[in-house]
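Participant: Quick one, structure for this:
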Amino acid sequence: MHKKTASYTQYGMRQLLDTLKPEVRTLISTAQRLAGEKRLRAYLVGGFVRDLFLGASNLDLDIMVEGDGIEYADALSARLNARCIHHKRFGTATLVTEGHLKIDIASSRKETYPEPASLPEVKPGSILDDLARRDFSINAMAVSVNSDDFGMLIDVYGGCRDLKKKRISVLHENSFVDDPTRILRAIRFEQRLAFSISSKTLRYLSVASRKRMLQKLNLQRVRDEIMLMLQEKNPVAQMQRLGGLYGFSFLHPRISFSSKTRKLFESIELCLQWFSRNFSHRRQLDSWLLYCIALFEPLSASSTRQLAKKLALRRGEEKRLLDYKKSGLCILKALQKKAVAPSRVFGYLEPHSYEVILFLVAKAKNATLKRHVEDFFRRYNGIRHSVSGRDLSGLGITPGPLYAKIFRALIKARLDGKVRSKKEELVFVRRLQKSIR
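Facilitator: Predicted coordinates:
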């Protein structure tokens, strides 16, 4: 029999589900009817159930069916007129409704680990098999959406109890050995929810640390977990806890979360807030990447490149990390001077990403450099000249590499206030023609 918690009876769970937004309740009702028609058992699972207990808003649905999840997802997407994305490698699908609700659908499955830190072998399983493969008790609960027992809570591992006691508990002693990425997830959930890792789970984590389990993983499996930790609201707390419980040698022997790195993280947070307040109309930042630059600060350019390759970072992400290594110190030195022409500020900053520029502000903590960067974002970035290629052709200038040289000179003149209109630009170009000849 499924274990029910004493504090949340079937009736109590129904009351909790009644607190959901009408569109979410309608969606659950549709999922229930479809499961009945197809004679499948369907459950709300994982993060949805956890966040339902915690009273979180903007809940995404996680539905697990004992049967073909992708077939069920296709049928549900047709009922909801929702977009359906298949993840056939994992036997899952994601639905996005017209109201932008997201529903993850999966088949229940059983997982076994042939070796420590290996990828699991997967085969179809029951609801209990599916809950048994999960990382923590608070993520291993399910609520039935079936008509015969709607609202029944399945809580085999004491997830409801752990939510009340605000603690993170794994399901068994080999959890971190089977999947060492759970070490990172345990810290992430602990810090996000302001919970504590249970004493027993800490002992299991300590054993995994002594066995250097994270070092046994391909770093590509670590990458996404580190990125998620750096995207949390308080990455300082995330990294400090990781440093205390395990360290960073699984990434590189020279990486640590020293007091210097902590101060840099705190400075980055202030810079991100400043950017958000003043330049929200600009593109959204990859904030995690600024923190990543800070973590990689002790590494050489060569070591940074090697680690980026091992983590399988995207080309653009790797480029931004290396841009800082290549040009950062030069820019810092140049832009801490007060008397720098606008065109020079533009020349230093324009080739680089917003992430690199903001990291320089965070690292320098220099008012002059910050003013130059603010001028760049407010006035220089995105500046355009008015003269076109057709205008240059009309002046008798043959198309070719010379056009690019003229356009660069026009931008410089615009920035430094030497030309302010198209008429003045044309005069400038004619003068330039004579000097070129």
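Participant: which residues does Ile138 contact?
Facilitator: Residues near Ile138 by C-beta atoms under 8 Å, 6 or more residues apart in numbering: 50, 159, 162-163, 168-169, 189. Any C-beta I mention is one placed from the backbone N, CA and C, and that applies to glycine too.
Participant: Secondary structure of it: a helix, I assume?
Facilitator: Yes: judged by DSSP: H, G, I helix; E, B strand; the rest coil, Ile138 forms part of a helix.
Participant: In helices, which of the contacts of Ile138 appear?
Facilitator: Taking DSSP state H, the ones among the contacts of Ile138 that sit in helices are 50, 159, 162-163, 189.
Participant: Now the two most distant members of these.
Facilitator: Gly159 and Phe189 (12.1 Å; C-beta to C-beta).
Participant: ok, those two, which is more surrounded?
Facilitator: Neighbour count, other C-beta atoms under 10 Å: between Gly159 and Phe189, Gly159 has more, with 26 against 20.
Participant: Could you pull up the mean pLDDT of the host helix or strand of Leu242?
Facilitator: Secondary structure assignment for Leu242, by DSSP states H and E: helix 235-245. Averaged across helix 235-245, the pLDDT comes to 98.
Participant: and the angle from the helix or strand just after that helix to helix 235-245?
Facilitator: Where DSSP H and E defines the elements, the next helix or strand beyond helix 235-245 is helix 259-278. Interaxial angle, helix 259-278 versus helix 235-245 (axes from the mean of the first three to the mean of the last three C-alpha atoms, to 10 degrees): 160 degrees.
Participant: Against which helices or strands is helix 259-278 packed?
Facilitator: helix 235-245, helix 287-295, helix 354-364 (3 or more C-beta pairs under 8 Å, 6 or more residues apart in numbering; DSSP states H and E).
Participant: Adding distance to Arg254, write those helices out as JSON lines.
Facilitator: Putting the helices and strands packed on helix 259-278 into JSON lines (distance: least, C-beta to C-beta, whole Å) gives the following:
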{"stretch": "helix 235-245", "distance to Arg254": "13"}
{"stretch": "helix 287-295", "distance to Arg254": "10"}
{"stretch": "helix 354-364", "distance to Arg254": "18"}
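Participant: do you know which of those helices lies nearest Val143?
Facilitator: Of all the helices and strands packed on helix 259-278, helix 235-245 sits nearest to Val143, with 29.5 Å by C-beta to C-beta.
Participant: what's next to that closest one, contact-wise?
Facilitator: 183-184, 187-188, 190-191, 202, 205, 209, 229-230, 232, 248, 256-257, 261-262, 265-266, 269, 288, 291, 295.
Participant: relative to helix 287-295, how tilted is that helix?
Facilitator: Using the same axes, to 10 degrees: helix 235-245 against helix 287-295 is 50 degrees.
Participant: and helix 235-245, C-alpha only, in CSV?
Facilitator: Extracted in CSV, the C-alpha atoms of helix 235-245 (Å, rounded to 0.1, in the frame of the first residue of the first chain):
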residue,chain,number,x,y,z
PRO,A,235,25.1,32.6,-5.4
VAL,A,236,27.4,33.7,-2.6
ALA,A,237,25.7,31.4,-0.2
GLN,A,238,25.6,28.6,-2.8
MET,A,239,29.4,28.8,-3.5
GLN,A,240,30.3,29.3,0.2
ARG,A,241,28.4,26.1,1.2
LEU,A,242,29.9,24.1,-1.7
GLY,A,243,33.4,25.3,-0.7
GLY,A,244,32.7,24.2,2.9
LEU,A,245,31.2,20.8,2.2
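Participant: Show me which positions of that helix end up buried.
Facilitator: For helix 235-245, burial by neighbour count (16 or more other C-beta atoms under 10 Å) applies to 235-243, 245.
Participant: residues contacting Gly36?
Facilitator: Residues in contact with Gly36 (C-beta under 8 Å, 6+ apart) are 146-147.
Participant: same deal with Leu193?
Facilitator: Counted by C-beta under 8 Å, 6+ apart, Leu193 has contacts 54, 166.
Participant: run the last query once more with 6 Å
Facilitator: If a contact means C-beta atoms under 6 Å, 6 or more residues apart in numbering, then Leu193 has no contacts.
Participant: for Asp179, same thing?
Facilitator: Asp179 neighbours (C-beta under 6 Å, 6+ apart): none.
Participant: Please determine how far it is located from Gly158.
Facilitator: Remark: distance between Asp179 and Gly158 (C-beta to C-beta, to the nearest Å) = 20 Å.
Participant: For the contacts of helix 235-245, I'd like a selection string for ChimeraX - just the buried members, please.
Facilitator: To isolate the buried ones among the contacts of helix 235-245 in ChimeraX, judged by 16+ other C-beta under 10 Å, type:
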select :183,184,187,188,190,191,205,209,229,230,232,248,256,257,261,265,269,288,291,295
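Participant: List the buried residues of stretch 73-82.
Facilitator: Neighbour-count burial for stretch 73-82, counted by 16+ other C-beta under 10 Å, picks out 73, 75-77, 80, 82.
Participant: Is it correct that Leu290 is in contact with Ile268?
Facilitator: Yes: assessed by C-beta atoms under 6 Å, Leu290 is found in contact with Ile268 at 4.9 Å.
Participant: So which of those two has more stuff around it?
Facilitator: Set Leu290 next to Ile268 and count neighbours by other C-beta under 10 Å: Leu290 wins out with 26 against 23.
Participant: wait, what's in contact with that one?
Facilitator: By C-beta under 6 Å, 6+ apart, the contact list for Leu290 reads 268, 355, 359.
Participant: my read: Leu80 touches Val96, true?
Facilitator: No: taking contacts as C-beta under 6 Å, Leu80 lies outside contact range of Val96: 9.6 Å.
Participant: Quick one: list the elements packing against the one helix or strand Val222 maps to.
Facilitator: Following DSSP H and E, one finds Val222 within helix 219-230. Helix 219-230 is packed against helix 181-193, helix 287-295, with contacts defined by 3 or more C-beta pairs under 6 Å, 6 or more residues apart in numbering; DSSP states H and E.
Participant: ok so, going back, I'd like the ones in helices among the contacts of Ile138 as TSV, with pLDDT and distance to Arg384 appended.
Facilitator: Output for the ones in helices among the contacts of Ile138, formatted as TSV (pLDDT from 0 to 100; distance: C-beta to C-beta, whole Å):
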residue	pLDDT	distance to Arg384
Arg50	95	50
Gly159	96	57
Asp162	97	58
Leu163	96	55
Phe189	98	47
